[in-house]
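predicted coordinates and the sequence they were generated for:
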Amino acid sequence: MQQPPNNQPWQQPQQPNTFYPSQQPQYPPPANMYYPPQQWQQPPMMPPPPPPRPPRKKANPWLILAIVIGAIANTAKSSPSIQATATAGVVQATATPIPTNTPVPLTQTVSSDVHFKAGEAASTPDGYAVTLNKTYTSAGGEFDTPAKGNQYFVVDVSVKNGTGKNELMSSNQFTLTDSTGQRIDDTIASLPNVHAYIGGTLANDKTMRGQLVYEVPTGKHPYELAFAVNTIYSDYQIIWDINT
C-alpha cells in the first residue's frame, strides 16, 4: 500500500534555493545608472561695493582770478561810468565822469552855529522863524525865590511855524549854556508877568510865545541860547549871544 505524500493539497511545494544574480544589488553600481540632479539653492547676490571716492581736487587760484577778471569786465561793459582793465592779473578801475545831463541828487547845505543877538529873528531850513525878544533878571517873587547867591534869568522867545503842518514844540528845544559849556536847565518859577514857554502843538502859520526861566549865579555873565528842532538828531542850531 502506497503512502500518501506528505504534501497536503493546500501546501505549495517548496522551491529550491535558487540564486539569480540579476535580482541581487550590485556593488559598485554601474556607471550608466541615472541619478536625478540635485536641486542646489544659490545664495543671494550681494550688491557690489561702491567705487572708491576720487580725491578732491584743489581749486586753481589762477582759474579763480580769471573768473573774477571776467566778471569785472562784464560789469564794466554794462556800466557806462566805470571801465575796468586787467593786465598781468592786476585789475585797474577807472571812473568816467558822469555826463552833465545826468541828474545828480542835491545835498541840502545847512549853515550851523550862526550867532545872533537879542532882538534878532532867525529862520531854520525846515521853516521855523525863531525870535529872542528880550532878556532880564529877577530876584524872585512872592512864592518863588532863587537860592542864595543866585538869580532868575528870564528869556522871552517866540517861534512861528512855517513848515506847512502842525508841529510839536517843547522848551527842551532851547538850550542855555554858560562860558564853560555847562548846560543849565530851565526851571518853573511863579514870577510876575512871566508866562512859561511850556511848548505843545503849534499849528501851521501860528506863533507860540513864552518865557524861559533859568536860575543862574548873580552878577554879569555871558551865555549862549541855542535852538534846535530836535536836540539829538538835528545837524544845525541857532545861537544867540546874551548876557545877564
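Arrived safely, thanks for sending. Numbering: from 1, shown residues only.

strands of the chain, start to end?
Ranges of strands in the chain, per DSSP state E, are 82-87, 90-95, 114-117, 121-123, 128-138, 150-161, 167-169, 174-177, 183-184, 200-202, 207-217, 222-227, 238-243.

okay, now the domains of the chain?
63-94, 114-243 (automatic domain parsing).

which of the ones you listed is buried the deepest?
domain 114-243 (a mean of 15; mean count of other Cβ atoms under 10 Å). Every residue, glycine included, has its C-beta placed from N, CA and C.

returning to that earlier point: turn the strands of the chain into TSV, columns for mean pLDDT and distance to residue 46.
What follows is the strands of the chain, written out as TSV (pLDDT from 0 to 100; distance: least, Cβ to Cβ, whole Å):
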stretch	mean pLDDT	distance to residue 46
strand 82-87	43	56
strand 90-95	43	57
strand 114-117	85	92
strand 121-123	90	92
strand 128-138	95	89
strand 150-161	96	90
strand 167-169	94	83
strand 174-177	95	88
strand 183-184	95	87
strand 200-202	95	87
strand 207-217	96	94
strand 222-227	95	89
strand 238-243	94	91
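
between these, which one is closest to residue 68.
strand 90-95 (7.6 Å; Cβ to Cβ).

dump the strands of the chain into CSV; add distance to residue 64 as well.
Shown next, in CSV, are the strands of the chain (distance: least, Cβ to Cβ, whole Å):
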stretch, distance to residue 64
strand 82-87, 14
strand 90-95, 13
strand 114-117, 56
strand 121-123, 59
strand 128-138, 58
strand 150-161, 61
strand 167-169, 57
strand 174-177, 57
strand 183-184, 58
strand 200-202, 62
strand 207-217, 66
strand 222-227, 57
strand 238-243, 57
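
which of the ones you listed sits closest to residue 192?
That would be strand 128-138 among the strands of the chain, by Cβ to Cβ, at 8.2 Å.

any idea of the angle that closest one forms with strand 238-243?
With axes from the mean of the first three to the mean of the last three Cα atoms, to 10 degrees applied, the angle from strand 128-138 to strand 238-243 works out at 20 degrees.

give me the helices and strands touching strand 128-138, please.
strand 121-123, strand 150-161, strand 238-243 (3 or more Cβ pairs under 8 Å, 6 or more residues apart in numbering; DSSP states H and E).

would you mind telling me which of those strands is nearest residue 206?
strand 150-161 (5.8 Å).

and the closest one, which strands flank it?
Paired strands of strand 150-161, with direction, are strand 128-138 (antiparallel), strand 207-217 (antiparallel) (DSSP bridges).

now distance to residue 167 too, for the ones you listed, in a markdown table please.
Below are these laid out as a markdown table (distance: least, Cβ to Cβ, whole Å):
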| stretch | distance to residue 167 |
| --- | --- |
| strand 128-138 | 8 |
| strand 207-217 | 10 |
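
residue 194 is nearest to which of those?
Residue 194 sits nearest to strand 207-217 of all those, at 4.8 Å, using Cβ to Cβ.

what residues does that closest one touch?
Strand 207-217 has contacts (Cβ atoms under 8 Å, 6 or more residues apart in numbering) with 133, 146-147, 149-161, 169, 171, 174, 176, 178, 184-189, 191, 194-200, 202, 223, 244.

likewise stretch 121-132?
Against stretch 121-132 from outside (Cβ under 8 Å, 6+ apart): 108, 110, 114, 116, 118-120, 155-164, 225, 227, 229, 236, 238, 240, 242.

what about 7 Å?
108, 110, 114, 116, 118-120, 155, 157-164, 225, 227, 229, 236, 238, 240 (Cβ atoms under 7 Å, 6 or more residues apart in numbering).
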